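Q: what's the 3D shape of this:
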Amino acid sequence: MQYTHLGRSGLSVSRLCLGTMNFGPQTEESAAHSIMDSALDAGINFFDTANVYGGHDNRGWTEEILGRWFAKGGERRERVVLATKLYGTMTERPNESKLSALNIRRALDASLKRLQTDYIDVYQFHHVDRNTPWDEIWQAIEVAVQQGKILYSGSSNFAGWHIAQAQEAAARRNYNGLVSEQSIYNLLTRNVELEVIPAARQYGLGLIPWSPLHGGLLGGVLKKERDGVRRVEGRAAETLKNHEDQIRQYEDLADDLGHEPGDVALAWLLHQPAVTAPIVGPRTQEQLDAAIRALDVTLDADALKRLDDIFPGHRTAPEDYAW
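A: Residues are numbered from 1 along each chain as shown. Okay, the predicted model is just below:
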């Protein structure tokens with residue numbers, strides 16, 4: 001396994017992050033525990049979850065699954081860099097969502113209880129809260145740090161200017177602020193190259209891309225449809241229809257390179273200088289094994305150019321759209 005620092009911090013994390021969103025709704029608990037054991041055995045030490053994971057009627061379920069896995073012992077908790085998130089609505093009561101100081105305190109304590117741990121390594125804001133001032137947010141986080149309940153702070157789904165706003169507010173308080181940003185980033189969705197990635201690099205945040213295979217569309221979907229392995233439905237079918245020619249060219253390129261399409265998509269992210277660790281969210285052991293395989297894929301300059309030709313990216317704003 002390869003490791004790197006999370007942003008400008010001294011925290012060492014694996015180049016793949018194990019996403020747990022499927023644990024519970026898609027993957028039953030014993031299989032989830034087995035996948036986490038396998039991830040640890042492979043050297044993956046970075047696990048990501050959120051308080052709302054588990055489904056609409058079972059929010060918190062995924063954290064509970066992780067908590068029971070930690071409780072098995074074997075230094076499972078000590079070997080994991082644990083990241084969870086808050087923001088989403090947990091109940092219909094007031095103050096049970098977003099980033100008020102009250103919800104930060106309550107949500108953190110609830111996550112600690114479900115996860116059966118004393119502290120969170122990286123506590124992340126799942127979305128920007130436009131109605132809570134940053135001084136209030138940072139004061140609540142500073143208290144949690146002083147209490148030993150969290151070590152680092154991260155963001156998710158922030159715009160570039162939100163990152164700048166958060167970091168400038170933290171600097172005024174002599175606080176480190178954010179060390180990471182989770183954003184959707186893959187060959188099909190490269191909008192973060194405009195402003196989020198430049199802001200993250202300027203302020204020393206590590207980028208943790210979610211949906212690296214764009215819901216499976218970059219994982220060989222056309223081949224799987226031809227072989228009868230998978231049928232795309234709903235919004236994914238519409239996206240596939242709009243990008244079918246690109247995806248066909250991409251799968252042909254993966255064949256030319258001698259790799260599976262999903263391996264190429266993950267390897268492309270690992271070649272991007274801003275990326276710390278793509279989040280892989282396996283439902284099965286086979287999907288985890290496939291993600292780990294991508295670490296051995298090297299893309300040369302010609303392969304990277306061919307991928308850019310198929311899926312054009314963005315230059316930094318404003319040069320992307322202005323002189």
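Q: lowest-confidence helix or strand of this structure?
A: helix 221-226 (a mean of 89; mean pLDDT, DSSP states H and E).
Q: elements contacting that one?
A: If contacts are counted by 3 or more C-beta pairs under 8 Å, 6 or more residues apart in numbering; DSSP states H and E, helix 221-226 sits against helix 234-257. Bear in mind the C-beta positions are built from the backbone N, C-alpha and C, glycine included.
Q: buried residues in the helix it packs on?
A: For helix 234-257, the neighbour count (16 or more other C-beta atoms under 10 Å) marks 239-240, 243, 247, 250-251, 253-254, 257 as buried.
Q: hey, C-alpha coordinates of the least confident helix or strand of the chain in PDB?
A: The C-alpha trace of helix 221-226 is given here as PDB (Å, rounded to 0.1, in the frame of the first residue of the first chain):
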ATOM      1  CA  VAL A 221     -20.700  -0.500 -18.100                       C
ATOM      2  CA  LEU A 222     -21.100  -1.100 -21.900                       C
ATOM      3  CA  LYS A 223     -19.200  -4.400 -21.700                       C
ATOM      4  CA  LYS A 224     -21.200  -5.500 -18.700                       C
ATOM      5  CA  GLU A 225     -24.500  -4.600 -20.500                       C
ATOM      6  CA  ARG A 226     -23.400  -6.600 -23.600                       C
END
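Q: all the strands of the stretch 51-200 of the chain, residue numbers only.
A: 81-86, 120-125, 150-156, 178-184 (DSSP state E, counting those that start in this stretch).
Q: distance to residue 43 and mean neighbour count added to these, as a markdown table?
A: Converted to a markdown table, these look like this (distance: least, C-beta to C-beta, whole Å; neighbours: other C-beta atoms under 10 Å):
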| stretch | distance to residue 43 | mean neighbour count |
| --- | --- | --- |
| strand 81-86 | 12 | 25 |
| strand 120-125 | 17 | 25 |
| strand 150-156 | 21 | 23 |
| strand 178-184 | 20 | 24 |
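Q: and of those, who's closest to residue 171?
A: Closest of the strands of the stretch 51-200 of the chain to residue 171 is strand 178-184, at 11.2 Å (criterion: C-beta to C-beta).
Q: ok, the closest one: who's next to it in the sheet?
A: strand 150-156 (parallel), strand 206-210 (parallel) (DSSP bridges).
Q: how far does that strand sit from its chain's centre?
A: With C-alpha atoms, centre = their mean, to the nearest Å as the basis, strand 178-184 stands 8 Å off its chain's centre.
Q: residues in contact with that strand: which ones?
A: Residues from elsewhere that reach strand 178-184 (C-beta atoms under 8 Å, 6 or more residues apart in numbering): 6-9, 11, 48, 83, 122, 124, 152-158, 163, 166-167, 170, 192, 196, 200, 203-211, 276, 279.
Q: circling back: in TSV: the strands paired with strand 178-184, plus distance to residue 176.
A: Formatted as TSV, those follow (distance: least, C-beta to C-beta, whole Å):
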stretch	distance to residue 176
strand 150-156	8
strand 206-210	13
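Q: residue 299 is nearest to which of those strands?
A: Closest to residue 299 of the strands paired with strand 178-184 is strand 206-210 (C-beta to C-beta; 16.0 Å).
Q: relative orientation of that closest one and strand 120-125 in degrees?
A: 70 degrees (axes from the mean of the first three to the mean of the last three C-alpha atoms, to 10 degrees).
Q: now do strand 206-210 against strand 81-86, angle only.
A: Using the same axes, to 10 degrees: strand 206-210 against strand 81-86 is 70 degrees.
Q: hang on, the earlier thing: which of the strands paired with strand 178-184 sits closest to residue 35?
A: Of all the strands paired with strand 178-184, it is strand 206-210 that lies closest to residue 35, at 17.6 Å by C-beta to C-beta.
Q: average pLDDT for that closest one?
A: In this model, strand 206-210 has an average pLDDT of 98.
Q: next one: stretch 136-143
A: When pLDDT is averaged along stretch 136-143, the result is 98.
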